[in-house]
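S.K.: A structural model of the following input is requested.
(chains A and B)
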Amino acid sequence: MNLTPFEWIVELYHESPLKVKYLLGSIVVLLFLCLLTLTVLVSLRMKLYNRRNKTSFLRAKYEELLITLLYLDEEDFDYQVQKDEIVNELKIAIKSKAERNIIKDLLIGLLRDISGDMATQIQELFHELGLVKYSLKKLKSRKWYIKIQGIRELTEMQERSIQGYVFGLVNHNNTLLRSEAQLTMVRLFEYGGLGFLIDLKYPVSEWQQLQLMASIQNNVEFVLPQIKDLLKSKNITVIQFSLKLVQFFNHIIEPEEIKRLIKHRDPQIRKQTIDIIGEMGLFDMKPYLKESYVALTKEGKLSVINTLAQLGSEEDVTFLTASSEDVDFKISLQAMLALKDLLTQEEFKKEMGSLHVKNERALEFVMDQVC
Amino acid sequence: MLIFDYILATFDWLFLVYAGSVFLSYIALIILSGIETINYFRKNSFVNYKDILSSPMAPSISIIAPAYNEGLNIVDNVRSLLSSHYVNYEVIIVNDGSKDDSMERLIAAYDLEKVNYLIDYQIPTQKVRGIYKSKNPAFEKLMIVDKENGGKADALNTGLNISNNRYVACIDVDCLLVEDSLQKMIKPFMEFTDKKVIATGGVIRIANSCEIKDGKLIKVNLPKKLIERAQILEYIRAFLLGRMAWSRLNGLLVISGAFGIFDRKVAIDAGGYDTNTVGEDMEIIVRMRKFMQDQNLPYKVAYIPDPLCWTEAPDNYKILTSQRNRWARGTIETLKMHKDICFNPKYKSFGMLSYPFWLIYERMAPLIEVAGILYFVVLISIGKVHVGFALAFFVAAYLFSVLFSIVALLTEDLTYHQYKKKEDIFKLVLTALLEPFVFHPFMLWAGVKGNIDKMTGKKIGWGTMTRKGLGSGD
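M.R.: Residues are numbered from 1 along each chain as shown, chains lettered A, B, ... in the order given. Presented below is the predicted three-dimensional model:
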């Protein structure tokens, strides 16, 4: 009996036991999936290759056009004609999504590299080409990452009309959208840029704090808000960030506020406050540091000792001597090092002789430094 | 005879069910990695990593790189580690009692002098002979620790003791870090407010045949040797599909010893690296996770899929099988050490999903595969084999392996697209087709040998690898 290969396979399938039937079925599916993914892979590779070539060609073309446009001499007799010609060409190009993205990215890139009149010119061009319309449209998207794209583009172009919309997002439940809105507030609005912190419902991550601080550093016109209110926030991360602002701007805090913060339930806030006392040289606060010492974490205790090493005087010797006898290696070592700096060589040796230091190695190390 | 046939049929079904469960679990991993990859790219396409470079708020990191008999390349390797764009970091090289001239070379190249430094031995280690710092301010971030030999884990523990920074990046000294690797790897530690990130793992890529100049990766090339290309494929599969999927489930059990960042305090509180296993990189992650879960603290082991760390892979089968033997033993030892986690509801998905997966599909896989092959050989020899079943089984397994590789290549092309030449993709597809016949048997042998060596108690120390040095290009 002559069978075609297909008929042979069908017959083999029918005659096979159940387990072989499963395997044959799997082979057919796997073979199909292998061929499908292989086809996608090869065509994708070709597409990527072509797209890369096309993009680099278009990028070079529009970059040249934009630079020509920005450097046109207004005094030239055909200035307006040349300008209209380039603008019209760009307006036609932005009808294509891919080309629009290239032009938009080029404008944003140029804006980051330059400032002054040229920057204003780029922002005006962004409007003139109608790109602002596309960015505003992105704000209406239901997808969070498209909204972020829109906000980012409009922020780069200093589009301040979005303030109300962006402020409405600072407490959004999507972390990234909320973060972007907060950054925009700081980047665009020098007055009240950090106002959103007052009513912030969500914690501000360390990463977000870092980005906010970087934005503040880049915004020369930024005005520090009323820190006092922020330090009373129920949101612990807002207080932590506010203390970083205090450190960064060398802002003065009232003693009562410091006393309250040294006893705050959050160990990070307590530690930050102690560091501020040292950095700002607030000698009057030393008694409160010692008073709160016992309740502190190891990191907090180390901060107190470091602060006393900076601000210490004779009246702190007893406290540091007691800390030198701490069982913790680091606390004991730091306290001895602080004492060493505070006392004369003779006084220090005498003081060490009367101590019951738990860690001999730490004591030897400090004594070696003295001798 | 009937009973014998019944037993054979049962075995057939057991192998079939195991293979089927492997297929299904890997398909699940593909889907999960796809979701996680899209998520990662959406979340990180807006990030400006430049902010962290100039920020006074950038967390401090110690790069700890243990070295043993690395004299040939150590000076260049250290220079590469010192070239990171990150600001707030230091490099601690731990010379683990090298028998070669590593220390002499370092002292001469970096103008080192012995300094007075007190170590807080929070984790017990071998004796430290001395700590060296450079007299040249250009190398102020560098610290060299010379210690008695104690193995890689002991050297890493010494680094943990010496570091005063909040985070430690534990890396292989011969690894080449991309300049922005630290800022990308540190980000997860700073972005969560509801849980503590205890470690972040990075992707390891193979640098054989790549162009490297002054410790920097200039151009990615595909090596000519099949053994190297097969490892590239294997790494892409493992890092872009496997680990990405486990990251989605917060179920990562291993962070490559070649490059990972840890919360120093948690690493020390959990006891540091275990010096009694050759799989210290996996063991510390399992122990840190256990430590956090025992205290009911919310945590995460994060993962960054960007190609941030490049390393030299073995280019001959002898070194490769020895490396994989160590990996297999590391897995066996770690899983055995922490067997109380397995199917323990107290450890939630860590105990009910991650651990059992590793046990069944990583630890047991080579043994089951070899058992399957032996089973068919026995059946053939006694004339009991069902040719159709045996053939279909192997064809299905082969096709699945090829499919998994092609999906990995597709993911690589859609995401990082490191191998840009037109012909690269054809070479990699050809590698995917040949790998099950020419590469996989060696991996299988290494896995089985790892089991035998573990059972017989054969001792192994630092993994030896004959380095040719990076940057030669093709």
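
S.K.: list the contacts of stretch A:210-226.
M.R.: Outside of stretch A:210-226, the residues within contact range by Cβ atoms under 8 Å, 6 or more residues apart in numbering or on different chains are A:179, A:182-183, A:186-187, A:190-195, A:197, A:204, A:241, A:244-245, A:248-249, A:251, B:48, B:51-52, B:54-58, B:190. The C-beta positions use only the backbone N, C-alpha and C, and glycine is treated the same way.

S.K.: correction: the previous question concerned stretch B:331-341.
M.R.: Against stretch B:331-341 from outside (Cβ under 8 Å, 6+ apart): B:274, B:276-279, B:282-283, B:286-287, B:290, B:342, B:347, B:350-351, B:355, B:358-359, B:362-363, B:450-451, B:454.

S.K.: for B:Arg129, what are phi and psi?
M.R.: Note on B:Arg129: its backbone torsions stand at phi -80, psi -30 [degrees, to the nearest 10].

S.K.: give me the neighbour count for it.
M.R.: By other Cβ atoms under 10 Å in any protein chain shown, the residues close to B:Arg129 number 14.

S.K.: give me the beta-bridge partners of the closest residue to it other than its chain neighbours?
M.R.: In space, and not counting its chain neighbours, B:Arg129 is closest to B:Asp146: 4.6 Å by Cβ to Cβ, 6 or more residues apart in numbering or on different chains. Taking DSSP bridges as the rule, B:Asp146 bridges to B:Asn95, B:Gly130.

S.K.: mind listing what B:Asp146 touches?
M.R.: Each residue near B:Asp146 by Cβ under 8 Å, 6+ apart is listed here: B:Asn95, B:Met103, B:Val128, B:Arg129, B:Gly130, B:Ile131, B:Tyr132.

S.K.: separation between it and chain A?
M.R.: 18 Å (Cβ to the nearest Cβ, to the nearest Å).

S.K.: just for the chain, where's the confidence low?
M.R.: Just going to use chain A. A:1, A:191-192, A:371 (pLDDT under 70).

S.K.: the chain in question should be chain B.
M.R.: For chain B (pLDDT under 70), the answer is B:1, B:460-474.

S.K.: where do the strands sit along it?
M.R.: Assigned by DSSP state E, chain B shows strands spanning B:61-67, B:89-96, B:112-115, B:128-134, B:142-147, B:167-171, B:176-177, B:196-206, B:211-213, B:216-219, B:259-263, B:299-311.

S.K.: I'd like to know how many residues surround the residue of the stretch 251-371 of chain A at minimum distance from chain B.
M.R.: Nearest residue of the stretch 251-371 of chain A to chain B, counting by Cβ to the nearest Cβ: A:Phe365, 4.2 Å away. Burial of A:Phe365 is recorded as 17 neighbouring residues (other Cβ under 10 Å).

S.K.: what do you get for the one 5 residues further on?
M.R.: Burial of A:Val370, expressed as a neighbour count using other Cβ under 10 Å, amounts to 13.

S.K.: just the ones of the contacts of stretch B:331-341 in helices?
M.R.: B:Met282, B:Glu283, B:Val286, B:Arg287, B:Lys290, B:Tyr355, B:Gly450, B:Asn451, B:Lys454 (DSSP state H).

S.K.: please parse chain A into its domains.
M.R.: Here the domain parsing of chain A from automatic domain parsing is A:1-129, A:160-251.

S.K.: dump those to a markdown table, plus mean neighbour count.
M.R.: Shown next, in a markdown table, are the domains of chain A (neighbours: other Cβ atoms under 10 Å in any protein chain shown):
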| stretch | mean neighbour count |
| --- | --- |
| domain A:1-129 | 14 |
| domain A:160-251 | 18 |
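
S.K.: the longest helix along chain B and chain A, are they touching?
M.R.: In chain B, with assignment by DSSP H, the single longest helix is helix B:2-44. Yes - shown here: helix B:2-44 in contact with chain A (Cβ under 8 Å from any Cβ of the partner chain) through B:Asp12, B:Trp13, B:Leu16, B:Gly20, B:Phe23, B:Arg42, B:Lys43.

S.K.: of all these, which two lie farthest apart?
M.R.: B:Asp12 and B:Lys43 (46.5 Å; Cβ to Cβ).

S.K.: which one's more surrounded, those two?
M.R.: Comparing B:Asp12 with B:Lys43 by neighbour count (other Cβ under 10 Å), the higher total belongs to B:Asp12, at 19 against 15.

S.K.: what does the stretch 51-200 of chain A have sitting close to chain B?
M.R.: A:Tyr145, A:Ile148, A:Gln149, A:Arg152, A:Leu176, A:Glu180.

S.K.: give me the subset of those lying in strands.
M.R.: Going by DSSP E, the strands hold none of these.

S.K.: return the subset of those residues lying in helices.
M.R.: Short answer: these in helices (DSSP H) are A:Tyr145, A:Ile148, A:Gln149, A:Arg152, A:Leu176, A:Glu180.
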